[in-house]
Structure formats: C-alpha cells, structure tokens
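> Test case, fold it:
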Amino acid sequence: MRADRPVRPAAGTLLSARPARQPSRRAPTSEPGERLAHACFALAGAASLTVLGLVVGYVLWRAWPAFEANGLSYFSNRHDPGLARELGLATQQPRGVAFRELHAWPAIYGTLLTTGGAILLGLPFSLLTAIFVAELAPRWLARLMEPLVRIMAAVPSVVWGLFGLLVLAPFIDRVFISDDLASRYARVVPLHGESILLGILVLVCMTVPFQVAIFTDALQAVPAPWREGGRALGLDAWRVTLKILLPVIRPAIATGVVLATGRAIGEAIALSMTTGGLSFVPNPLDRFVFLLEPARPLASTIVDFHSEGVLQGALAADLFSFAALILLSALAMMLAVRVALAPVRARGVL
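Numbers count the residues shown, from 1 in each chain. As a prediction, the model looks like this:
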C-alpha cells in the first residue's frame, strides 16, 4: 500500500458519522405516570397564566375610568390639589368641577427620577463589583463576598427604608440643607432629608445586590477556554473581561437591568418613607437643590392613598391607573429587551 494514499475512514467511525437528530421537545409519553406529570405541569402553567391575565385585566378595567375621564390631561404637568393642603395652604374647589385628588404627572416624574437615577448610578457600580468578584478578587475574598451580596439582596425593603430614614436622611439634612436654603424654599416646598436624592440612594442599595449576583453568575459561567484564548493572544485579565466576557454576558446584563428597574418602579414602602411624600414636580433649574426636593412616585402614591381609595371611587380609579402604568412599563421593558437581543440570539453568539 502506498504511503501517500489517503486513508478512508471506516463506516461508523467519528469522521463519517452524521450528527444525530435532536430529540423532539414533545417526546411521546407512554407511561401513565409521565402523562400525569405532563398534565399537572400543563395545568400549573395554564393556571399561572390565567391568574396573571385576570390580575392584569382587573387592574386595567378598574383603571379605565381614570383614563377615559381625563384623556391626555391625565398626564398634565400640574401639582396635586392635595399638595396645597399638605403644605397648610388654603384651597378652594371650583364650582361644578369634581375635586380631583391625584394628577399622574408628578407621580410619573418622581418615578422617572428615582428609578432612572438609581439605575444610572447603580449599573456601573454593579458591573465593576461583579468583575472584581468573578475575575480579579482572590479566591478567599470572592467566597466571602458572594454570600454577602445574596444576603443583601434578600434584605426587606422596609429595612432599607428605615435605614434611609434614620441614617441617610439626617446626614443629607445636616450636610446639604442649610437654614438659609430651607427658608428660601419654604414658600415653594419644604426641604429636608427626605428627598429625591435619598430615594435614589435607597434604591441603589436595594437594586445593586440583584445586579451583582446576576452579573457574577454570568461571568463565572463563561467557559474557561474563552479566557485562555484571550490571554494567549496577549490580553491581560482586564482586557479579556472588556473585550470577551462583557459582550458574551449581554443577555445577563439586560436581565439584571430589567429586574432592577422593575423593582425600582414597583417599590412602594421604601420610597414612601424616603422621598418626602409630597406630589411635587422638582425643577431641574434649581440645580443641585433639584435633588433635595421631595416627590411621590407611583408605587408610594398607591401606598399613601390606598385606604382612601377603597372608599372613594374616583380616587380608586386613579390608584388603579397608577398600578396599570407600572404594569405596562414593566411589560414594555421586557418586550424591548427581547427585541433588542433577538438579532444576537439569532446569530447564535449567546
């Protein structure tokens, strides 16, 4: 036999074997136990979807009168009539006009400020912390930090609210709000430690552990050959993380941001304790004082007025409309993330 003659692989060897057909996701079940388990799982999934659909439908049904009665004025840039009463000012209800308790814009604006500020401030810190824990920290320190991060993620929101109210609020009041500043703004809105800034800081404390845990698990799940290949090309650990690992874990980053945003939007107790509890529209032209002004986000408004909303039909519709805005915003974020990551998933990169 000639030495340069190509060797044909024998039938059945690895070189000639065709890839096996992937098994179907819906494999036929013949055993009674398997059929029963399949039916139980299908019933549980259908029940979950049914309960979720009923809750969303009920909230939208109760919220519709508020949207229908006010139209686009529902989003008007006006303070609540209740703000004047809370400040001790005299109010007079116009004749022939139903007294309206709540306007949506102050609550929407307060939610945008607190949630947006918390995400913008917390995302870089979360990413850097996750990179340190997963890639740069010594093994003993990483083993110590991982359970601590998960414990912090499990702290109830009322504990964070109490921490902000008793620890951070006096600090902000003492350091940033002088007597002269408070007196100059007294006729507009009271300034004290409970403010937009305090709400942002509390939300950062609440959302950062979630993001750190998700990002750390995603970084640790990247196969080791990917890191070794980057270092074989002459990249150090930091450049391997920036050029290889972070692009790979984009779905985890998006998931962490969505979960953190959803918790920040729906947080009620902590923000009710820390943002000042006034339906006020902070003015960006006030510069840094803008962050020291109070607000009342959507979820905390529901908590503050829920007892009155049960008794008053119009107010109840307003509160359900706020709940509908929270639901729709969470749904919009999830859909936006899925649409944004669809091309990446279709290429099979992730």
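> quick one, helices of the stretch 251-350 of the chain?
269-274, 289-292, 298-311, 313-346 (DSSP state H, counting those that start in this stretch).
> Mind giving me the packing neighbours of the first one?
By that I understand helix 269-274. Under the contact definition 3 or more Cβ pairs under 8 Å, 6 or more residues apart in numbering; DSSP states H and E, helix 269-274 sits against helix 157-163, helix 196-221, helix 298-311. Just so you know, the C-beta spots here come from the backbone N, C-alpha and C atoms, and that holds for glycine as well.
> winner for burial among these?
Ranked by mean neighbour count under mean count of other Cβ atoms under 10 Å, these are led by helix 196-221, which reaches a mean of 23.
> starting at the chain centroid, how far to the helix or strand following that one?
Note on helix 196-221: by DSSP states H and E, the next helix or strand toward the C-terminus is helix 224-232. Relative to its parent chain, helix 224-232 has a centroid offset of 33 Å by Cα atoms, centre = their mean, to the nearest Å.
> Residues touching helix 224-232, excluding its own?
Helix 224-232 is contacted from outside by 237, 239-240, 243-245, 248, using Cβ atoms under 8 Å, 6 or more residues apart in numbering.
> Quick one: name whatever helix or strand follows that helix.
helix 237-240.
> any residues touching that next one, and which ones?
For helix 237-240, with Cβ under 8 Å, 6+ apart as the criterion, the contacting residues are 135-136, 227, 230-231.
> Now with 6 Å, please.
135, 227, 230 (Cβ atoms under 6 Å, 6 or more residues apart in numbering).
> Redo the residues you listed as CSV? Include distance to Tyr185 and pLDDT.
Converted to CSV, the contacts of helix 237-240 look like this (distance: Cβ to Cβ, whole Å; pLDDT from 0 to 100):
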residue, distance to Tyr185, pLDDT
Glu135, 47, 85
Arg227, 54, 82
Gly230, 54, 81
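> If you rank every helix and strand of the protein by mean pLDDT, what lands last?
helix 81-86 (a mean of 44; mean pLDDT, DSSP states H and E).
> returning to that earlier point: ok, which of the helices and strands packed on helix 269-274 comes nearest Gly266?
Closest to Gly266 of those, according to Cβ to Cβ: helix 298-311, at 5.4 Å.
> From Gly110, how far out is Phe210?
Distance, Phe210 to Gly110, using Cβ to Cβ, to the nearest Å: 22 Å.
> How about Phe320?
For Phe320 relative to Gly110 (Cβ to Cβ), the value is 18 Å.
> out of the two, which sits in the more crowded spot?
The neighbour comparison of Phe320 against Gly110 (other Cβ atoms under 10 Å) goes to Gly110, with 29 against 21.
> Does the more buried one touch Leu298 like I think?
No - applying Cβ atoms under 6 Å as the test, Gly110 and Leu298 come out as separate, 7.6 Å apart.
> any low-confidence regions in the stretch 101-250 of the chain?
101 (pLDDT under 70).
> between the contacts of helix 237-240, which is nearest Pro294?
Of the contacts of helix 237-240, the one sitting nearest to Pro294 (Cβ to Cβ) turns out to be Glu135, at 41.1 Å.
> about what we covered before: could you dump the contacts of helix 224-232 to TSV with distance to Gly193 and neighbour count?
Converted to TSV, the contacts of helix 224-232 look like this (distance: Cβ to Cβ, whole Å; neighbours: other Cβ atoms under 10 Å):
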residue	distance to Gly193	neighbour count
Ala237	41	14
Arg239	43	13
Val240	44	20
Lys243	43	12
Ile244	44	17
Leu245	40	19
Val248	42	16
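> Which of the helices and strands packed on helix 269-274 sits closest to Ser279?
When these are compared by Cβ to Cβ, helix 298-311 sits nearest Ser279, at 7.2 Å.
> quick one: average confidence on the closest one?
Mean pLDDT, taken over the full extent of helix 298-311, equals 74.
> Buried deepest among the helices of the stretch 251-350 of the chain, which one?
helix 269-274 comes out most buried of the helices of the stretch 251-350 of the chain by mean count of other Cβ under 10 Å, with a mean of 26.
> give me phi/psi at the residue lying closest to Val189 once chain neighbours are set aside?
The spatially closest residue to Val189, leaving aside those adjacent along the chain, is Phe280, at 5.3 Å (Cβ to Cβ, 6 or more residues apart in numbering). Note on Phe280: backbone dihedrals following degrees, to the nearest 10 are phi -110, psi 150.
> Ser178 too?
phi -90, psi 170.
> ok, it to Ala47 distance?
In terms of Cβ to Cβ, Ser178 sits 58 Å off from Ala47.
> Repeat that for Lys243.
Taking Cβ to Cβ, one finds Lys243 at 46 Å from Ala47.
> I am finished for the moment; much appreciated.
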